[in-house]
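S.K.: sequence and computational prediction follow.
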Amino acid sequence: MDDNLHSPQRRLIELRIEHADLDGLIDRAALQSPLDDLMLRRLKKRRLALRDQIAQLEARLEPPEPA
């Protein structure tokens with residue numbers, strides 16, 4: 001059971017959930033007035049970092065297709 005908590009598949013799910021949460025947060029922050037540009041930039045930077053982590057993890061989990 002402990003192995004399941006730290007599996008790469010579970011980490012991938014957690015990263016995707018966090019990415020989706022940030023999407024919603026960014027959408028709501030963009031609608032606020034006055035707009036907090038610094039906070040919005042930080043959220044977008046975090047979302048981009050999560051997307052990169054997701055891509056790296058997916059590449060490790062999915063074997064390359066033969067040519």
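M.R.: It's in.
S.K.: my guess is Leu50 contacts Ile17, does it?
M.R.: No: contact criterion Cβ atoms under 8 Å: Leu50 and Ile17 do not qualify, at 9.9 Å. Just so you know, the C-beta spots here come from the backbone N, C-alpha and C atoms, and that holds for glycine as well.
S.K.: quick one: which of the two has more around it?
M.R.: Leu50 (19 against 11; other Cβ atoms under 10 Å).
S.K.: so for the helix or strand hosting the more buried one, what gets flagged as buried?
M.R.: Using DSSP states H and E, Leu50 falls within helix 37-61. Buried residues in helix 37-61, counted by 16 or more other Cβ atoms under 10 Å: Leu43, Arg47, Leu50, Ile54, Leu57.
S.K.: distance check, the first one against Arg28.
M.R.: Look at Leu43 and Arg28: by Cβ to Cβ, to the nearest Å, they are 10 Å apart.
S.K.: then the last one?
M.R.: If you measure Leu57 against Arg28 using Cβ to Cβ, the figure is 27 Å.
S.K.: hmm, back to that, Leu5: which of the buried residues of helix 37-61 is nearest?
M.R.: Within these, proximity to Leu5 (Cβ to Cβ) peaks at Leu57, which comes in at 15.9 Å.
S.K.: grab the nearest non-local neighbour of the closest one.
M.R.: Using Cβ to Cβ, 6 or more residues apart in numbering and skipping the chain neighbours, the partner closest in space to Leu57 is Leu12 (5.0 Å).
S.K.: the helix or strand hosting that neighbour: how far from the chain's middle?
M.R.: Leu12 is located in helix 8-31, with elements delineated by DSSP H and E. On the basis of Cα atoms, centre = their mean, to the nearest Å, helix 8-31 sits 5 Å off its chain's mean C-alpha point.
S.K.: what angle do that helix and helix 37-61 make?
M.R.: If you take axes from the mean of the first three to the mean of the last three Cα atoms, to 10 degrees, helix 8-31 sits at 160 degrees to helix 37-61.
S.K.: helices or strands up against helix 8-31?
M.R.: Contact analysis of helix 8-31 by 3 or more Cβ pairs under 8 Å, 6 or more residues apart in numbering; DSSP states H and E lists helix 37-61 as its packing neighbours.
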